[in-house]
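Student: Just the structure for this:
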Amino acid sequence: MFGSTADDECFNEIINSQTNNGNFKCRELISGPFKIKLSEKNIDSLKNYAEKLCLRRLENSVWITSLIIVYFEIVLAKYKSDSKWSSAYNSAKNLVQQSVRNHKYEKELHDACEKYLLRLDIQIEEGSATNANENENVKSSAKTPASTELESPDDLQKIHDHLPEASLTLYNRLGENEDKVA
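Tutor: Predicted coordinates for the structure are as follows:
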């Protein structure tokens, strides 16, 4: 797992930035090698991972909230027993549910955020960017879900070979999705 001091700071910053309606006002997520700036440009790149145009048209605050939900599930999962984690997580989930109002689309939004985090993690592992989401190549090479689908289990193994231990949760989720599709 990532260093606990950085995680503690990130966790507290995120929790303190949550508004009464469930969205978050933080400007970046930092934990271990991750430094994800939540700029308009980066959220636009994230939106490219959704197939449905209605999802791409959602307000940036909904996308940021969904990304933070996934970040909670993967990077900050060790705080799950903390009442602040549960409260913030559930409030954020409610905001996304109220904004999207369709379980199938909620799942696509969630999956898009997972793929985005996975892509950033692989770039960090490969050393292709010191701050992957600020690298101009990230935006220009952002792929839609149709072009990011894996062609074989070997592709999953190649990705697995580059993932740090902390990202195995995300890898396992993507692998489960591939099994369901096959």
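Student: Just the helices from the protein, written as ranges.
Tutor: 4-17, 40-47, 53-56, 60-74, 83-100, 103-126, 136-140, 145-148, 153-162, 168-181 (DSSP state H).
Student: Which positions in stretch 94-104 come out as buried?
Tutor: Neighbour-count burial for stretch 94-104, counted by 16 or more other C-beta atoms under 10 Å, picks out L95, V96, S99, V100. For glycine as for every other residue, the C-beta is placed from the backbone atoms N, C-alpha and C.
Student: correct me, but the last one touches K107?
Tutor: It stands for V100. No - using C-beta atoms under 8 Å, V100 is not in contact with K107; the gap is 9.5 Å.
Student: For R27, which non-adjacent residue is closest in space?
Tutor: L38 (5.5 Å; C-beta to C-beta, 6 or more residues apart in numbering).
Student: of the buried residues of stretch 94-104, closest to S31?
Tutor: The nearest member of the buried residues of stretch 94-104 to S31, counting by C-beta to C-beta, is V96 at 21.3 Å.
Student: Could you export stretch 14-29 as PDB, CA atoms only?
Tutor: Provided in PDB are the C-alpha atoms of stretch 14-29 (Å, rounded to 0.1, in the frame of the first residue of the first chain):
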ATOM      1  CA  ILE A  14     -10.700  15.000   0.500                       C
ATOM      2  CA  ILE A  15     -13.000  14.500   3.500                       C
ATOM      3  CA  ASN A  16     -12.700  18.200   4.400                       C
ATOM      4  CA  SER A  17     -13.400  19.300   0.900                       C
ATOM      5  CA  GLN A  18     -16.800  17.600   0.700                       C
ATOM      6  CA  THR A  19     -19.800  19.900   0.500                       C
ATOM      7  CA  ASN A  20     -23.200  19.300   2.100                       C
ATOM      8  CA  ASN A  21     -24.700  17.900  -1.200                       C
ATOM      9  CA  GLY A  22     -22.000  15.200  -1.500                       C
ATOM     10  CA  ASN A  23     -19.600  16.600  -4.100                       C
ATOM     11  CA  PHE A  24     -16.000  17.500  -3.500                       C
ATOM     12  CA  LYS A  25     -14.100  20.800  -3.900                       C
ATOM     13  CA  CYS A  26     -10.500  19.400  -3.800                       C
ATOM     14  CA  ARG A  27      -8.200  20.300  -6.700                       C
ATOM     15  CA  GLU A  28      -6.000  17.200  -6.700                       C
ATOM     16  CA  LEU A  29      -5.600  13.700  -5.400                       C
END
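Student: quick check: mean pLDDT across that stretch?
Tutor: Across stretch 14-29, pLDDT averages out at 94.
Student: outside of it, which residues touch it?
Tutor: Outside stretch 14-29, the residues that touch it by C-beta atoms under 8 Å, 6 or more residues apart in numbering are 10, 13, 35-39, 61-62, 64-65, 67-68, 71-72, 75-76, 84-85, 88, 91-96.
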